[in-house]
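> Could you work out the structure for the sequence below:
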Amino acid sequence: MDRLTRGLLFGCAISAVIVTFAIFFSIIFEALKFFQFVSPLDFFLGTHWSPQVSSVTGNPLGFGAIPLFTGTFLITIIALGISAPLGLMSAIYMSEYASSKARHTIKPLLEILAGIPTVIYGFFAAIILAPHLQCVGEFLHIPIASESAINAGVVMGIMILPFFSSLCDDVIHSVPRALRDSALALGSTSSETIMKVVIPAARPGIISAFLLAMSRAVGETMIVVMAAGMAAKLTLNPFASVTTVTVQIVSLLTGDQEFNSPKTLAAFALGLVLFIMTLALNMMALKIVNHYRQKYG
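Okay, the predicted model is just below:
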């Protein structure tokens, strides 16, 4: 019976690895087809994105992916700039300062906010936030588009705020009480204990929470479609309309498309780059977490 259970658990574990490799190789296979139509240099270094094929020559018009990745990182940075400090400070408050009753009231409310569908956030961004941002822009004499990176980034930051805060709260709350008591016994204040003992001890988990929040922001689609638009512009202006990789993947695969056309296959090339970037980010995060775990373990 033990051997059967062990074999079943091993099969479940290895199946996840097999599925991951199957997805990876299937994306590679389709992406290689795309690079038969479009040069990898034009794709990775091009600054013009127009996923169409000329009706005259039959050649691709523009598959430069830099504007897509620029828009993705711009919106992600804005979202993390809002959610990371607010989420960490709220987690510190819930774990270190709030009473037990307040913590058990606030934390479930935050977790409920994390379950709101992203389309609701998209409606909020398009209908409520965008007009107010434009009014602020007019007052400050700053032109802000109705669909802009800052509109999507602010709402996306609100979306991942409870997610990041809840994870950080769990990590900080799990720091052994003995570390706090030792620091207080040596004469440290509560603030010094938090900044010099609790936060460093919880740093691996906080980094992991930050990277999970980043992955959530990078993979978001609905908010970007409704709040930032679908215009592939190479710009770092947060008040301009931009688009992201995930939005373009959905756009390229929507409707009646010829599967072997460059336009459709471009979605797999974008997916491959996004997959590799996420894998590299996770490997870097694992090294950072292991480093601090050895230091504070």
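> Report pLDDT for residue 1.
Note on residue 1: pLDDT of 64.
> residue ranges with poor pLDDT in the stretch 151-297 of the chain?
Applying pLDDT under 70 to the stretch 151-297 of the chain picks out residues 255-257, 289, 292-297.
> Identify each of the helices in it and give its residue range.
In the stretch 151-297 of the chain, helices defined by DSSP state H, counting those that start in this stretch lie at 177-185, 190-193, 199-218, 222-227, 245-252, 262-296, listed in chain order.
> Return the fifth one as CSV; C-alpha atoms alone will do.
Right, helix 245-252. In CSV, the C-alpha atoms belonging to helix 245-252 read as follows (Å, rounded to 0.1, in the frame of the first residue of the first chain):
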residue,chain,number,x,y,z
VAL,A,245,2.3,41.4,-24.3
THR,A,246,-0.6,39.5,-22.9
VAL,A,247,-3.1,41.9,-24.6
GLN,A,248,-1.5,41.4,-28.0
ILE,A,249,-1.4,37.6,-27.5
VAL,A,250,-5.2,37.6,-27.0
SER,A,251,-5.7,40.0,-29.9
LEU,A,252,-3.7,37.9,-32.2
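> Return the list of helices and strands in contact with that helix.
strand 49-53, helix 66-92, helix 222-227, helix 262-296 (3 or more CB pairs under 8 Å, 6 or more residues apart in numbering; DSSP states H and E). Every C-beta, even on glycine, is put in place using the N, C-alpha and C of the backbone.
> Now tabulate those in TSV and tack on distance to residue 41 and mean neighbour count.
Shown next, in TSV, are the helices and strands packed on helix 245-252 (distance: least, CB to CB, whole Å; neighbours: other CB atoms under 10 Å):
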stretch	distance to residue 41	mean neighbour count
strand 49-53	15	17
helix 66-92	12	21
helix 222-227	27	26
helix 262-296	13	16
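> Distance to residue 252 added to these, as JSON lines?
Shown next, in JSON lines, are those (distance: least, CB to CB, whole Å):
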{"stretch": "strand 49-53", "distance to residue 252": "6"}
{"stretch": "helix 66-92", "distance to residue 252": "11"}
{"stretch": "helix 222-227", "distance to residue 252": "13"}
{"stretch": "helix 262-296", "distance to residue 252": "4"}
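> And those: which comes nearest residue 39?
Set against residue 39 and scored by CB to CB, the helices and strands packed on helix 245-252 come closest in helix 262-296, at 11.5 Å.
> for that closest one, packing partners?
helix 2-37, strand 49-53, strand 60-63, helix 199-218, helix 245-252.
> quick one: the first one to chain centroid distance?
Same thing as helix 2-37. Averaged C-alpha coordinates place helix 2-37 at 23 Å from its chain's average position (CA atoms, centre = their mean, to the nearest Å).
> can you pull the buried residues of it?
27, 28, 30, 31, 33, 34, 35, 37 (16 or more other CB atoms under 10 Å).
> Next up, the contacts around the fourth one.
The contact partners of residue 31, taken as CB atoms under 8 Å, 6 or more residues apart in numbering, are 265, 268, 269, 271, 272.
> Tell me how far it lies from residue 211.
Using CB to CB, to the nearest Å, residue 31 is found at 25 Å from residue 211.
> Name the nearest residue to residue 146, sequence neighbours excluded.
Counting by CB to CB, 6 or more residues apart in numbering, residue 146 lies nearest to residue 130, which is 5.3 Å off, once chain neighbours are set aside.
> correct me, but that neighbour touches residue 227?
Yes. Taking CB atoms under 8 Å as the definition, residue 130 is a contact partner of residue 227 at 6.9 Å.
> Between these two, which contacts overlap?
Common neighbours of residue 130 and residue 227, counting by CB under 8 Å, 6+ apart, are 147, 148, 151.
> Report the separation between the residue nearest to the first one when sequence neighbours are not counted and residue 154.
Using CB to CB, 6+ apart and skipping the chain neighbours, the partner closest in space to residue 147 is residue 229 (3.6 Å). Distance, residue 229 to residue 154, by CB to CB: 15 Å.
> From residue 89, how far out is the residue nearest to residue 96 when sequence neighbours are not counted?
Residue nearest to residue 96 in three dimensions, not counting chain neighbours: residue 194, with 5.6 Å by CB to CB, 6+ apart. Remark: distance between residue 194 and residue 89 (CB to CB) = 11 Å.
> Which pLDDT value does the model give residue 86?
On the pLDDT scale, residue 86 gets 92.
> Right, I'll leave it there.
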